[in-house]
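Trainee: take a look and give me a structure for this.
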Amino acid sequence: MAIHPSNHSLNFRGLALRGFALTLAAILAACSGQGVKDTDGEPGLRQQNQSEYRQLLEEAYQLSFTLDFDRLRKAYVESSEYNPYGGVKLEGLPQAYSSVEQADFDDCLRNVDKVLKHNYMSLEAHMIGVLCSGQAGEFEREDQHRYMVEGLMTSIENSGDGKSQESAFLTISTSELRGFVRLKGLQVLDQSIVYDKQGIYDKMQVRDPESGEEYPLFFNVSQQFAQGSKGE
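Mentor: Okay, here's the model as predicted:
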């Protein structure tokens, strides 16, 4: 199989974002430094009444090397802030893609901020943020977005191998699923929903544009289906 879960370099050259005029060739590395965040007036110190998700998110803002992204994603799903779409239906994401097409990277970052203000767990928003902050010369922001992309991708990769329903990748939002496939540089040929006693799965027939190999990938989307009907 052309997809390599153990490869954490997250090569951006194969994003396969339709309409994008730019091809990315950035290798994600270990990140350091401080990120920029919009806390909407939240106190900087942890408080006992904070949700586990908010506590872990504070660690993400600080680019903590010890943050458990599996735990972060689980806490997010269990929080009142959970959005099964992950940014797909939030204002800002389509506009961010359009800004990339127009090479307007400052506008891209403004739209990325719109998404992340409401949902910091949007893999697609962080993915686009890596490109736009790098092109805009905002390298601390680039580190922030790289940190989130690498952590989220590694957590998804560690959840399975995607070869079957039994070993499906676990994704917690539509944005995660879309971002994962795009970051792997795969072309989606067909998509269908399948069920078994254990859950609901998104089966994607994909092609590796380099090798031409075609194969199915399975994603466990049970959590999105359980919450999706509640809206955003």
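
Trainee: break down this protein into its strands, ranges please.
Mentor: Secondary structure of the chain by DSSP state E: the strands cover 169-170, 187-196, 199-207, 214-220.

Trainee: want to throw these into TSV with mean neighbour count and mean pLDDT?
Mentor: Just so you know, the C-beta spots here come from the backbone N, C-alpha and C atoms, and that holds for glycine as well. Compiled in TSV, the strands of the chain are given as follows (neighbours: other Cβ atoms under 10 Å; pLDDT from 0 to 100):
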stretch	mean neighbour count	mean pLDDT
strand 169-170	22	98
strand 187-196	12	94
strand 199-207	18	96
strand 214-220	20	97
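
Trainee: and of those strands, who's closest to residue 106?
Mentor: strand 187-196 (30.3 Å; Cβ to Cβ).

Trainee: now do the closest one: everything it contacts.
Mentor: Strand 187-196 is contacted by residues 16, 165, 181, 200-209, 214, 218, 221 when judged by Cβ atoms under 8 Å, 6 or more residues apart in numbering.

Trainee: just so I know, which of the strands of the chain lies nearest residue 110?
Mentor: Between those, strand 187-196 lies closest to residue 110; by Cβ to Cβ that is 28.8 Å.

Trainee: so what does the least confident helix or strand in the chain by mean pLDDT touch, helix or strand wise?
Mentor: Counting by mean pLDDT, DSSP states H and E, the weakest-scoring helix or strand in the chain turns out to be helix 222-228, with a mean of 80. Contact here means 3 or more Cβ pairs under 8 Å, 6 or more residues apart in numbering; DSSP states H and E; on that basis helix 222-228 packs against strand 199-207.

Trainee: tell me which residues of the longest helix anywhere in the chain are tucked away?
Mentor: Counting by DSSP state H, the longest helix found in the chain is helix 139-157. For helix 139-157, burial by neighbour count (16 or more other Cβ atoms under 10 Å) applies to 141-157.

Trainee: got the CA coordinates for that helix in PDB?
Mentor: Extracted in PDB, the C-alpha atoms of helix 139-157 (Å, rounded to 0.1, in the frame of the first residue of the first chain):
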ATOM      1  CA  PHE A 139       7.300  31.700  11.000                       C
ATOM      2  CA  GLU A 140       6.100  31.500  14.600                       C
ATOM      3  CA  ARG A 141       2.600  30.900  13.300                       C
ATOM      4  CA  GLU A 142       4.000  28.400  10.900                       C
ATOM      5  CA  ASP A 143       5.400  26.400  13.800                       C
ATOM      6  CA  GLN A 144       2.100  26.600  15.600                       C
ATOM      7  CA  HIS A 145       0.200  25.100  12.600                       C
ATOM      8  CA  ARG A 146       2.900  22.500  11.900                       C
ATOM      9  CA  TYR A 147       2.700  21.400  15.500                       C
ATOM     10  CA  MET A 148      -1.100  20.800  15.300                       C
ATOM     11  CA  VAL A 149      -0.900  19.100  11.900                       C
ATOM     12  CA  GLU A 150       1.800  16.700  12.900                       C
ATOM     13  CA  GLY A 151       0.100  15.900  16.200                       C
ATOM     14  CA  LEU A 152      -3.300  15.300  14.700                       C
ATOM     15  CA  MET A 153      -1.900  13.300  11.700                       C
ATOM     16  CA  THR A 154       0.200  11.100  14.000                       C
ATOM     17  CA  SER A 155      -2.800  10.400  16.200                       C
ATOM     18  CA  ILE A 156      -4.900   9.400  13.200                       C
ATOM     19  CA  GLU A 157      -2.100   7.200  11.800                       C
END
